[in-house]
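Q: model this:
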Amino acid sequence: MKNTKLSLLILTLAITVIVVSGCTLSKKFTLSDDTGLEVGSENPIISDDVEVVKEEDNQEEVDTKSLQSEVLTKDWLTYRNDEYGFEVKYPEHTKVIQEKNIFYIKNIGDENSSGQSVQILSKNKDENLKETIENELLKDYSKEKCFIEEDNNLNEIYQYPANFTLLPAISYSDFNKDPQNPWSNMNDCPYAKSNGMSYFLMDKNNLDKFAFFSIGQYEIMLDKNTSWQETFRFIN
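A: Sure, this is the predicted structure:
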């Protein structure tokens, strides 16, 4: 009798151990993917171990980028000219000097230097940039001597909006005639290429004017990635 009771007790304990182990294994395998969702549940729940990206977290990242942008641009000044219809940013250690339709960016204290400049010119709305240059600026010059050569590298060098068209300064047939001074004949053509950067710019949204930039060899930078002329915009 005692042996029977003992056997029943051992059997009962064994069954209990098996049931408890089965429940534990079931719980361990309930979350079967890395999303934290209970597989097979009609009302999926999020596990406490899953990190949820909240909307405010994204907003914080956007705010951080905006703050960084403000820090980078806080020392930039803006020059706006309603008469010629443009605006441009320039660093605080420089100043803008106007001479008719030419606007020079010069370092403060070095106003006697040639500086860098942008010239605003009017154009026929029905002409593209190349036609305007040929019909207005080169009309008194031989096409064989003074001409436009398109340069796609300009769009790689400078970061302008897609609606801007860029063309290089005027090329001339006698360029490099003297290897010691390849730019010796640059005065034979207007707005001619030199040993520095210069180019024309037109905004397709403002077809009544265009600009000519004379930069030289060393650009005046707003930061390590942005030159002052890349912030140039025509305004209505």
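
Q: where does the residue lying closest to residue 108 once chain neighbours are set aside land on pLDDT?
A: The shortest distance from residue 108 to any non-neighbouring residue, by CB to CB, 6 or more residues apart in numbering, is to residue 95 (5.5 Å). Bear in mind the C-beta positions are built from the backbone N, C-alpha and C, glycine included. At residue 95, the pLDDT value in this model is 94.

Q: what's the answer for residue 111, then?
A: Residue 111 is assigned a predicted lDDT (pLDDT) of 77.

Q: So it is in contact with residue 94, correct?
A: No. With contact defined as CB atoms under 8 Å, residue 111 and residue 94 do not form a contacting pair (10.1 Å).

Q: between these two, who's got more neighbours?
A: In this view residue 111 and residue 94 are compared by other CB atoms under 10 Å, and residue 94 has more residues nearby, 20 against 11.

Q: Dump the helix or strand encompassing residue 103 to CSV, restricted to CA.
A: Residue 103 is located in strand 102-107, with elements delineated by DSSP states H and E. Backbone C-alpha positions of strand 102-107 (Å, rounded to 0.1, in the frame of the first residue of the first chain) are rendered in CSV as follows:
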residue,chain,number,x,y,z
ILE,A,102,29.4,95.7,-61.1
PHE,A,103,29.4,94.6,-57.5
TYR,A,104,32.8,93.8,-55.9
ILE,A,105,33.3,91.6,-52.9
LYS,A,106,36.5,92.8,-51.1
ASN,A,107,38.2,92.1,-47.9
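
Q: just checking, next helix/strand downstream of it?
A: Beyond strand 102-107 toward the C-terminal end (DSSP H and E), the next one is strand 116-122.

Q: Listing partners with orientation, what would you give for that following strand?
A: Each strand paired with strand 116-122, and its direction, by DSSP bridges: strand 102-107 (antiparallel), strand 206-216 (antiparallel).

Q: pLDDT averaged over it, what's the number?
A: Within the predicted structure, the mean pLDDT of strand 116-122 is 97.

Q: Can you name every helix or strand that the helix or strand following it contacts?
A: Toward the C-terminus, strand 116-122 is succeeded by helix 129-132 as the next helix or strand (DSSP H and E). Other helices and strands packing on helix 129-132, by 3 or more CB pairs under 8 Å, 6 or more residues apart in numbering; DSSP states H and E, are strand 164-168, strand 197-203.

Q: right, so of those, which gets closest to residue 132?
A: With CB to CB as the measure, strand 197-203 is the member of the helices and strands packed on helix 129-132 nearest residue 132 (7.8 Å).

Q: Run me through the strand neighbours of the closest one, direction for each.
A: Using DSSP bridges, the strands paired with strand 197-203 in its sheet are strand 164-168 (antiparallel), strand 206-216 (antiparallel).
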